[in-house]
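>>> Attaching a predicted model along with its sequence, questions to come.
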Amino acid sequence: MRAGTVTVAYLHILVLQIYGMISSLARRGMLALPLVLLAGCNSVVLNPSGDIADQQAHLIVVSTLLMLLIIVPVIALTIFFAWRYRQSNTAAKYDPDWDHSTQLELVIWGAPLLIIIALGLITWISTHTLDPYRPLDRIDDNRPISPAAQPLTIQVVALDWKWLFIYPEQGIATVNELATPVDVPIRFKITASSVMNSFYIPALAGQIYAMPGMETTLNAVLNAAGEFEGFSANYSGAGFSHMRFKYHGMDVNDFDRWVAEAKSNGETLDRATYLQLEKPSEREPVHHYAKVAPELFSAIVNRCVAPDTVCMNQQMAEDMKRNAMAHAHEAHEQ
């Protein structure tokens, strides 16, 4: 028996085995399909309420459809070949000496290459357009942002295991509760107290990491009022599962009333209070602070909230000064 005939025979057996596996999986998949469809009906990732998240959802759909242009034909052809060249089909053409087709090679390599180019172009454009540090230029598809519009700044601190939100312009702070007005640009400044974490509100925008000693930024806007969920998307220890918060989207008047209610609480988030809040705790209840100590967020980022602690930015500035003086001294001696 010729080597080519043996190879074709082995391939024939392999195709039949794949066909049997696919048939079995297909039967099981048909039973699970209704559950899968029902589970995705209210998927917040694909039906968000913020413009940034909406653009990300569109990117997911477009990328998936482009990839399906290859996946679907490959699966369909695998099933077709398994059926067409099954053992019982004696009418199928048998050509053991066939080994090459230029036209087929062009399709096999050309189509994926074009899809990769398209995905690369989409990725390049969306990476810059959806850069979390990039200031927003629109409220949604039909409404650009006025150049004079100022975003609402919210300082976010990931604690163990809770979230602290500081509103520097309003002078308040909250624990495990976030609220913003609808159609107002938001600029989150994000850090962590000890362990690296990830800040994520699926309805608003993609996740972004919170890291101790560093400040990350996320620009976003909410386009619909409602109550949404935010949570930690990066494992950070024992209380990670309960590190969640409610996010309230409100109109401007309701947001002003919410701020006034927070200010009526009377408590002050000073450095001593923060050091107590920073200690690990689980299932922390929602509470508000009517006042916030000046420059508290900067002290958290620079890890100098505790008394008699040198701030990182101050230490780095002094190190740079000493290095500059040392270089100047060496240059003078030369």
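Structure received. Numbers count the residues shown, from 1 in each chain.

>>> wait, doesn't residue 184 sit right on residue 219?
No. Residue 184 sits out of contact with residue 219 when judged by CB atoms under 8 Å, with a separation of 11.8 Å. Where you see a C-beta, it was placed from the backbone N, CA and C, and this is true even at glycine.

>>> Overlap of the contact sets of the two?
Overlap of the contact sets of residue 184 and residue 219 (by CB atoms under 8 Å, 6 or more residues apart in numbering) consists of residue 151.

>>> who's in contact with residue 312?
Contact criterion CB under 8 Å, 6+ apart gives 213, 301, 302, 303, 304 as the residues in contact with residue 312.

>>> most surrounded residue in those?
Taking other CB atoms under 10 Å as the neighbour criterion, residue 301 ranks highest of the contacts of residue 312 with 23 neighbours.

>>> That one is in contact with residue 210, isn't it?
No. With contact defined as CB under 8 Å, residue 301 does not count as touching residue 210 (10.7 Å).

>>> Give the residues shared as contacts by those two.
Each of residue 191 lies in contact with both residue 301 and residue 210 under the rule CB under 8 Å, 6+ apart.

>>> The contacts of residue 312 in helices, which ones?
Among these, DSSP state H puts residue 301 in helices.

>>> ok, the contacts of residue 312 vs residue 286, which is closest?
Proximity of the contacts of residue 312 to residue 286 (CB to CB) peaks at residue 301, which lies at 24.1 Å.

>>> so how far is residue 252 from the closest one?
When distance is defined by CB to CB, to the nearest Å, residue 301 is 29 Å away from residue 252.

>>> Residue 120 too?
For residue 120, the distance to residue 252 under the criterion CB to CB works out to 42 Å.

>>> The nearest residue to residue 251 once chain neighbours are set aside: what's it in contact with?
The spatial neighbour of residue 251 that comes closest, neighbours along the chain excluded (CB to CB, 6 or more residues apart in numbering), is residue 182 at 5.8 Å. With contacts defined as CB under 8 Å, 6+ apart, residue 182 is in contact with 222, 223, 224, 225, 249, 250, 251, 252.

>>> isn't there a helix covering residue 231?
No. When DSSP: H, G, I helix; E, B strand; the rest coil is applied, residue 231 is found to be strand, with no helix at that position.

>>> Just give the closest residue to it, not the sequence neighbours.
Using CB to CB, 6+ apart, the closest residue to residue 231 is residue 244 (4.3 Å).

>>> my guess is that neighbour meets residue 233, correct?
No. At 10.8 Å, residue 244 and residue 233 do not qualify as touching, with contact defined as CB under 8 Å.

>>> After the worst-scoring helix or strand of the chain on mean pLDDT, which helix or strand is next?
Among the helices and strands of the chain, helix 3-39 carries the lowest confidence by mean pLDDT, DSSP states H and E, at a mean of 47. Proceeding C-terminally, helix 3-39 gives way to helix 51-84 as the next helix or strand, assigned by DSSP states H and E.

>>> nearest to residue 86, of the contacts of residue 312?
Distance ranking of these against residue 86, using CB to CB, places residue 213 first at 63.7 Å.

>>> Quick check: that closest one vs residue 315, distance?
When CB to CB is the yardstick, residue 213 and residue 315 sit 11 Å from each other.

>>> can you check residue 157 too?
Using CB to CB, we find residue 157 at a distance of 21 Å from residue 315.

>>> Then residue 103?
Noted for residue 103: a distance of 67 Å to residue 315, by CB to CB.

>>> same deal with residue 67?
Separation of residue 67 from residue 315 (CB to CB): 49 Å.
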